[in-house]
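>>> With the input below, show me the fold.
(one chain, ligands or ions: 2)
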Amino acid sequence: MKQINITTPSKNYPVYVGEQAITKLGEVLQSLTPAPKNVLIITDHNVGELYLKDVQAELDQKFSYESFQIKPGDSQKSFENYYACQSFALEKGLDRTSVILALGGGMIGDIAGFVAGTYMRGIRFIQIPTTILAHDSAVGGKTGINHPEGKNMIGVFHQPEAVIYSTDFLSTLPENEIRSGFAEVIKHALIADPSFYEYLRKNITTLNDLKDEHLLNCLTRGIEIKNEVVSQDEREKGIRAFLNFGHTLGHAIEGELRYKDITHGEAVAHGMLFALSLKEETIQLGKNLKRWLHDLGYPTTPKNLSVSSLINRMKKDKKAAGRTINMVLLEQTGHPYIAPYQAIDLEEKLTEFLK
Ligand code: NAD
Ligand code: ZN
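Ligands and ions are numbered 1, 2, ... in the order given. A predicted model of the protein is given here:
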C-alpha cells in the first residue's frame, strides 16, 4: 500500500492507495479527535451491493453506523438526494462529531462531501473512492451537486479527513467507467508530466493493462499531480484552472447528451482532442492521442451535436467571462496555459473539429 500526503492551505490529510487499503478505515477513524459518535456511510445501489459489507465489516463492534443508499447515475447528484441525505442524518442523530463515509465514485464523493460540508455547518468525512475517475474527484476538496441550469453549480470546498482507496474495489468497474477514469489520468499526465505520459503510452495499450502495478502507478501519480496543483491553488484563483483541460467542451458534450450515453471522462477525452487541435504545435500530439484512444475503445466524437448549443453551454461554463471562452491549451506536454477565445471564433473551430 502506498501513502500520499495531501497538503492544502486549509488541511493536510493522507491518501492510502492499494490492495485492501480499506483495512485502514478503523485505524483512521480511531485517530480522529473528537472520537466520532457515529458514522454514516453514503453510497449508491451498485457500489452498496458490492462493497457496503466490506466497509461495515471494518466498523463492526468498533463504531455505531448507519447506511444510506441513493440511485446510481450523475443525475442523482441532485437537491432531492442532498435533502434526503440531510434528513436521514438528522433522523439518525448525527451530531458535530459524526463522520460521513463517501463510498463510491465521484458522484457519491461530491454529494456526500457536500452533505458533510454543510450538515450542522460542516462535519468531517472520509472519501472511499471506488472508480478510477475518483482519483481526481476524491482529492482537492471540491464537493457539490448539479442544478438543472448546470453541472456542479452548487457546492462548497470541504476537504476530507482521509482518502482510503482500496484498489481491490476497482475490479468490478465496467469498461466505459475504466475509460472514463483513465481519461483523467491522461489529462493529469498531459498537463503536468511528459515522462508519465510516455509511460502510459508505452504500458497501457489495452484496458486490461490497467491493473496491479500499472493501475497503482496511474492512481498515485494522478493524485500526486492533482495535489501539486491544488496545494498551490486550493480555491481555483489561478493554476487550478489547468485541471479543466478538456473540460470546457467535455462538460458541454455531457450536457448536450443529457449525461446519458457518454461518461464524464469519455466526454473530456473529446474535449482534450479539441484543445490539442487548436494549436499548431500540439496538432500532432492530438492525432497520436486520437489513435491511442481509439485503440483503447474510446467512442468517436459524436457527429450529431449542435455546434451553437455546445458553444452556448461553453459560454455558461463557470470559467467563461461574457462572450469570451477560456480554453486550457498546451504549449507542449506539461505546459498548459489559458487561451481566451471569442465565442464566434471558437464556433468556427468547433465546426471544423466535429466534421
Ligand atoms: P459515478 O460515481 O457516477 O460512478 C460511475 C458508475 O460506476 C456508477 O453507476 C456507479 O454506481 C458505478 N460504480 C462505481 N464504483 C464501482 C465499482 N467499483 N464497481 C462497479 N461499479 C461501480 O462516476 P465517476 O465517474 O466516479 O465520477 C463522476 C463524478 O465525479 C461527476 O459527478 C463529476 O462531476 C465528479 N467529479 C468531481 C471532481 C471533484 O473535484 N470534486 C472531479 C472530477 C469529477
Ligand atoms: Zn473531470
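>>> List phi and psi for the residue of the chain positioned farthest from its centre.
No residue in the chain sits farther from the centre than Gln61, which is 32.6 Å out by Cα atoms, centre = their mean. Dihedral angles of Gln61 (phi, psi; degrees, to the nearest 10) stand at phi 70, psi 0.
>>> quick one: it from Gly26, how far?
10 Å (Cβ to Cβ, to the nearest Å). In short, each C-beta sits where N, CA and C put it, glycine included.
>>> near ligand 1, which residues of the protein?
Within the chain, the positions adjacent to ligand 1 are 44, 46-47, 50, 72, 74, 77, 104-108, 110, 130-131, 133-134, 136-137, 140, 142, 152, 169-170, 172-173, 177, 180, 264 by Cβ under 6 Å from any ligand atom.
>>> Mark which of those residues are buried, thanks.
Buried by 16 or more other Cβ atoms under 10 Å: 44, 46-47, 72, 74, 77, 104-108, 110, 130-131, 133-134, 136-137, 140, 142, 152, 169-170, 173, 177, 180, 264, out of those.
>>> what's the residue closest to the geometric middle of the chain?
Mean-position check on the chain, Cα atoms, centre = their mean. Result Ser137 at 3.0 Å.
>>> How about it: what's its closest non-neighbour residue?
Gly106 (3.5 Å; Cβ to Cβ, 6 or more residues apart in numbering).
>>> do you know how far the one you found is from Pro160?
Counting by Cβ to Cβ, the gap from Gly106 to Pro160 is 13 Å.
>>> list residues touching both of these two?
Listed as contacting both Gly106 and Pro160 by Cβ atoms under 8 Å, 6 or more residues apart in numbering are Ala138.
>>> can you pull out the strands in the stretch 101-250 of the chain?
Per DSSP state E, counting those that start in this stretch, the stretch 101-250 of the chain carries strands over the ranges 124-129, 142-147, 150-157, 162-166.
>>> got a pLDDT number for the residue of the stretch 151-300 of the chain found nearest ligand 1?
Residue of the stretch 151-300 of the chain nearest ligand 1, by Cβ to the nearest ligand atom: Thr172 (3.6 Å). As predicted, Thr172 sits at a pLDDT of 98.
>>> quick one: the residue nearest to the centre of the chain from Arg291, how far?
28 Å.
>>> Check Thr131 too.
25 Å.
>>> top helix in this protein by residue count?
helix 212-232 (DSSP state H).
>>> tell me what that helix is packed against?
Applying 3 or more Cβ pairs under 8 Å, 6 or more residues apart in numbering; DSSP states H and E, we find helix 212-232 packed against strand 2-7, strand 12-18, helix 134-137, helix 175-192, helix 194-203.
>>> Next, the angle strand 124-129 makes with it.
140 degrees (axes from the mean of the first three to the mean of the last three Cα atoms, to 10 degrees).
>>> So which bits of helix 212-232 are buried?
Within helix 212-232, the residues that count as buried by 16+ other Cβ under 10 Å are 215-227, 229-230.
>>> cool, and stretch 32-51?
Buried residues in stretch 32-51, counted by 16+ other Cβ under 10 Å: 36, 38-44, 46-48, 51.
>>> ok, of the residues you listed, which one's closest to Gly297?
Distances from Gly297 to the buried residues of stretch 32-51, taken as Cβ to Cβ, are shortest for Asn46 (21.1 Å).
>>> Remind me which helix or strand that closest one belongs to.
Assigned by DSSP states H and E, Asn46 belongs to helix 45-59.
>>> now whichever helix or strand comes after that helix: how far from the chain's centre is it?
Remark: after helix 45-59, the chain's next helix or strand is strand 65-70, criterion DSSP H and E. Its chain's C-alpha centre and that of strand 65-70 lie 22 Å apart, by Cα atoms, centre = their mean, to the nearest Å.
>>> Distance check, the nearest residue to Phe169 once chain neighbours are set aside against Asn146.
The shortest distance from Phe169 to any non-neighbouring residue, by Cβ to Cβ, 6+ apart, is to Thr130 (4.6 Å). Using Cβ to Cβ, we find Thr130 at a distance of 20 Å from Asn146.
>>> cool, and Glu80?
In terms of Cβ to Cβ, Glu80 sits 11 Å off from Asn146.
>>> Would you mind telling me which of the two has the busier surroundings?
Asn146 (22 against 10; other Cβ atoms under 10 Å).
>>> Spit out the contact partners of that one.
Taking Cβ under 8 Å, 6+ apart, one finds 74-75, 77-78, 152-154 in contact with Asn146.
>>> try 6 Å
Lys77 (Cβ atoms under 6 Å, 6 or more residues apart in numbering).
>>> so what's it scoring on pLDDT?
92.
>>> Likewise for Gly246?
Note for Gly246: predicted pLDDT of 98.
>>> Would you check which pair of the buried residues of stretch 32-51 lies furthest apart?
It's Pro36 and Asn46 that sit farthest apart of the buried residues of stretch 32-51, by Cβ to Cβ, at 26.3 Å.
>>> low-confidence ranges in the stretch 251-355 of the chain?
318-321 (pLDDT under 70).
>>> give me that answer again for 90
The stretch 251-355 of the chain contains residues with pLDDT under 90 at 254-255, 258-261, 300-304, 315-324, 355.
>>> again with the stretch 51-200 of the chain
The stretch 51-200 of the chain contains residues with pLDDT under 90 at 74-75, 148-152.
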